[in-house]
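Engineer: Fold the stuff below for me.
(one chain, ligands or ions: 2)
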Amino acid sequence: MSLRARGFRNLGALSFEPGSHFNVIHGDNGAGKSNLLEAIYYLGALKGFRGGKTDDLIALDASDAFLEAAFESGPAPHKLRIDMSRSQRRRLQLDGKRPRSTNVWYQAIRMVLFHPGDLVLAAGSADKRRAFLDRMLEQMDPVYASTLSSYEKALRSRNRLLKDARTDRRSVRAYDTILSKAGAVVGQARRRLVEDLGPRVERAFTDVFAGDTPLDVRYLPRVEPSEEAIADALERAFEKDCARGFTADGPHGDDLELRLHEVGARHHGSQGQHRTIVLALKTAELDLLTERTGRVPILLLDDVSSELDRSRNRRFFEMLRHVGGQVFLTTTHPEFILLEDDRVDFQVDGGRVTR
Ligand SMILES: Nc1ncnc2c1ncn2[C@@H]1O[C@H](COP(=O)(O)OP(=O)(O)OP(=O)(O)O)[C@@H](O)[C@H]1O
Ligand SMILES: [Mg+2]
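Structural biologist: Ligands and ions are numbered 1, 2, ... in the order given. Just a heads-up that it's a prediction; the model follows:
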């Protein structure tokens with residue numbers, strides 16, 4: 001892929017022609033390395049990876065910004081353009097036309113990202129891991145995103161009614177059918193995904209961590225993902241839901257369980273173990289997306305080497321050498337990036353990118 005941009009965070013007017021395999025982006029703290037990666041990520045995910053609204057993404061001294069990219073990989077090359085403005089809605093163009101939905105966009109261009117904030121996948125609460133599974137499923141299955149959003153919409157409506165003491169209780173029940181139908185589809189898709197993903201994560205973790213600590217990855221549904229089971233759970237918890245003012249049971253309570261030595265990795269893992277777990281999740285994601293879609297997603301690695309010891313860093317790069325697609329890595333220390341072949345280096349300084 002190649003990228004043109006203007007007015008995105010601290011990046012100047014940019015015309016970026018990366019190499020086809022490994023691209024190492026170096027520069028000092030605050031130079032704009034992560035901003036460059038975020039610009040690429042935004043083209044795939046339609047959002048930044050550090051939260052923030054459109055206004056935060058537009059350069060402080062500008063009123064608008066654009067990102068434009070061409071993706072040559074695969075049988076159908078795509079041209080993407082995003083225009084952002086402080087005063088107007090964002091405009092998307094896929095091959096010169098407004099896409100019918102964001103799902104069409106997600107199918108056109110796939111990316112896997114690792115950035116330091118992703119450590120919450122191992123160390124944070126279950127919603128982060130659900131979002132990880134959901135984003136993966138969105139990239140693989142255009143119907144999943146719409147099913148999930150109907151589930152979430154019904155859940156919000158039901159919760160709103162539960163909070164309101166004046167509601168007729170029967171009206172709360174009206175949402176149970178859609179919640180159990182859409183919820184079962186969501187839960188089953190997540191279960192199938194984890195059956196396929198889990199062993200890959202465990203293997204990648206062992207390959208990089210190479211200790212005697214096995215990682216155990218499992219789907220942990222709040223309620224068995226079937227229509228009957230969810231309907232049952234809603235029925236049984238109805239009085240309690242009314243009392244607490246929200247719906248407790250359903251796939252919005254699912255988790256992706258990560259266990260080291262039979263204990264939860266979240267509260268027991270070391271920093272390096274957390275980082276390795278997240279890297280294992282991401283390499284497994286890349287592997288599975290490649291298999292399911294027949295194309296290698298773009299891999300974005302923001303500051304991946306810090307916190308890994310020397311030998312784990314080496315093993316990680318050994319694994320990375322087998323990745324076939326375009327990879328972008330940022331670092332303050334290019335000598336930590338143990339890749340020699342097919343490598344192009346870029347320097348970022350005050351938002352300017354040079355080869
Ligand atoms: N909307 C914006 N307009 C202008 N500058 C911005 C905007 N958003 C962020 N910045 C600036 O961009 C600079 C570079 O940020 P970035 O995160 O890309 O640095 P980095 O090279 O990744 O540094 P580090 O090595 O510390 O991770 C920061 O100084 C930040 O203040
Ligand atoms: Mg950075």
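
Engineer: OK, contacts around the residue in the stretch 151-300 of the chain that ligand 1 sits nearest to?
Structural biologist: With CB to the nearest ligand atom as the measure, L300 is the residue of the stretch 151-300 of the chain nearest to ligand 1, at 12.3 Å. Every C-beta, even on glycine, is put in place using the N, C-alpha and C of the backbone. Going by CB atoms under 8 Å, 6 or more residues apart in numbering, L300 touches 37, 40-41, 111-115, 327-328.

Engineer: pLDDT score for G74?
Structural biologist: Note for G74: predicted pLDDT of 63.

Engineer: do the same with F209
Structural biologist: 76.

Engineer: To what extent is it buried, counted in neighbours?
Structural biologist: 23 (other CB atoms under 10 Å).

Engineer: Please look at it and R312 and confirm they touch.
Structural biologist: Yes - judged on CB atoms under 8 Å, F209 makes contact with R312 at a distance of 6.6 Å.

Engineer: which neighbours do those two share?
Structural biologist: Common neighbours of F209 and R312, using CB under 8 Å, 6+ apart, are T276.

Engineer: Relative to ligand 1, how far out is D127?
Structural biologist: Per CB to the nearest ligand atom, to the nearest Å, D127 is found 25 Å from ligand 1.

Engineer: So that residue lies in a strand, does it not?
Structural biologist: No - under DSSP: H, G, I helix; E, B strand; the rest coil, D127 sits outside any strand and is assigned helix.

Engineer: How many residues are close by it?
Structural biologist: Using other CB under 10 Å, D127 is surrounded by 13 other residues.

Engineer: Next: I178.
Structural biologist: Counted with other CB under 10 Å, the burial measure for I178 works out to 16 neighbours.

Engineer: can you list the residues of this protein near ligand 1?
Structural biologist: Residues of the chain lying near ligand 1 by CB under 6 Å from any ligand atom: 9-10, 27, 29-35, 56, 58-60, 303, 332.

Engineer: just the buried members of these?
Structural biologist: With neighbours counted by 16 or more other CB atoms under 10 Å, those contain buried members at 9, 27, 31-35, 58-59, 303.

Engineer: Could you tell me which of these belong to helices?
Structural biologist: If you go by DSSP state H, those have 33-35 in helices.

Engineer: picking up where we left off before, nearest to R98 among the residues of the chain next to ligand 1?
Structural biologist: In terms of CB to CB, no member of the residues of the chain next to ligand 1 lies closer to R98 than I58, at 20.8 Å.

Engineer: Buried residues of stretch 326-336, list them for me.
Structural biologist: Under 16+ other CB under 10 Å, the buried positions of stretch 326-336 are 326-331, 336.

Engineer: And for that stretch, what's in contact with it?
Structural biologist: 1, 18-29, 33-34, 36-37, 40, 73, 296, 298-305, 313, 320, 337, 345.
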